[in-house]
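[1] Need the 3D shape of this:
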Amino acid sequence: MSNLKKVYAESVEQLTKSMMAFPWEDPAMYAGFLAQTYYYTRHSTKLLTLASSRFSFDDYDLHRRFLVHAQEERGHEFMCEKDMQFLGYSIKQFDELIATAAFYQRQYYLIEHVDPACFLGYVLCLEGLSAKGAGPARAKVLEHHTERSTLFLRAHSDEDPDHIEKAFKALDALSPSRQAFVRENLLASSELYDRMMKGVRDLGKVGIKKAS
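    Presented below is the predicted three-dimensional model:
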């Protein structure tokens, strides 16, 4: 477990640095971030309930934890849409990036064909980044944009620290081999998330027209 916590800390630290270097002052870039976040976040409840259904009866605590987490994640993608509207953009202006699709699509495979516990690596990646990076990112956004465009960042900076604690408690009950699956997925998810953010920056350089 100590090695997993070390990997978690290093991964979140690197992602947080990338997030803080993101050009939040650019409304098109921020809207692009919200759009890609919308595209992967709308899969959250599907992935959590799918993983929950694939646990054996011996993994009842994980089964129940994922069900509870799914309830907590309901409708979070619509926060992104509302934030975009206050910026003057629409989700229809943004295609889903290949990197975004790769980020969440991998989870379906791991849940169905490897071990549903793998999904905890994806959870640690996102919840850890939210707990450490969402608050500072929101502060940067507020320097340039209306507070009404920060619903998603505010909700996740306020709520996610509790999710991290719960995730590590769940990991304590896993065998070393299953913890290794989680570690691998944490590393892969962190890399794919970083690629997605780079994709948003590249897209923003092209320029996005505001919705009429």
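[2] contacting residues around stretch 96-116?
    Applying C-beta atoms under 8 Å, 6 or more residues apart in numbering, the set of residues contacting stretch 96-116 from outside is 36, 39-40, 43, 47, 50-52, 54-55, 59, 62, 66, 118-119, 122, 178, 181, 185, 188-189, 192-193, 195-196, 198-200, 203. The way it works is simple: take the backbone N, C-alpha and C, and place the C-beta from them, glycine included.
[3] Those, buried ones only, as a PyMOL selection?
    To isolate the buried members of the contacts of stretch 96-116 in PyMOL, using 16 or more other C-beta atoms under 10 Å:
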select buried, resi 36+39+40+43+47+50+51+52+54+55+59+62+66+118+119+122+178+181+185+188+189+192+193+195+196+199+200+203
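[4] show me where the chain has helices.
    Ranges of helices in the chain, per DSSP state H, are 2-20, 27-41, 44-54, 60-72, 76-87, 98-113, 119-129, 135-142, 151-172, 176-206.
[5] rounded to a whole number, what's the mean pLDDT of the second one?
    The predicted model assigns helix 27-41 a mean pLDDT of 96.
[6] Just the CA trace of that helix, in CSV.
    What follows is helix 27-41 as a C-alpha-only set of coordinates in CSV (Å, rounded to 0.1, in the frame of the first residue of the first chain):
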residue,chain,number,x,y,z
PRO,A,27,-12.5,31.7,-22.2
ALA,A,28,-12.2,29.3,-25.2
MET,A,29,-9.6,27.2,-23.4
TYR,A,30,-11.7,27.1,-20.2
ALA,A,31,-14.8,26.2,-22.2
GLY,A,32,-12.8,23.4,-24.0
PHE,A,33,-11.8,22.0,-20.6
LEU,A,34,-15.5,22.0,-19.5
ALA,A,35,-16.5,20.3,-22.7
GLN,A,36,-14.1,17.5,-22.4
THR,A,37,-14.9,17.2,-18.7
TYR,A,38,-18.6,16.9,-19.7
TYR,A,39,-17.8,14.1,-22.1
TYR,A,40,-16.0,11.8,-19.6
THR,A,41,-18.1,12.8,-16.6
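[7] switch to numbering from 35
    Happy to do that; since the first residue is 35 now, the last one works out to helix 61-75.
[8] what inclination does it have with respect to helix 169-176?
    Angle, helix 61-75 to helix 169-176, by axes from the mean of the first three to the mean of the last three C-alpha atoms, to 10 degrees: 140 degrees.
[9] Report the inter-axis angle for helix 61-75 versus helix 110-121.
    Going by the same axes, to 10 degrees, helix 61-75 makes 170 degrees with helix 110-121.
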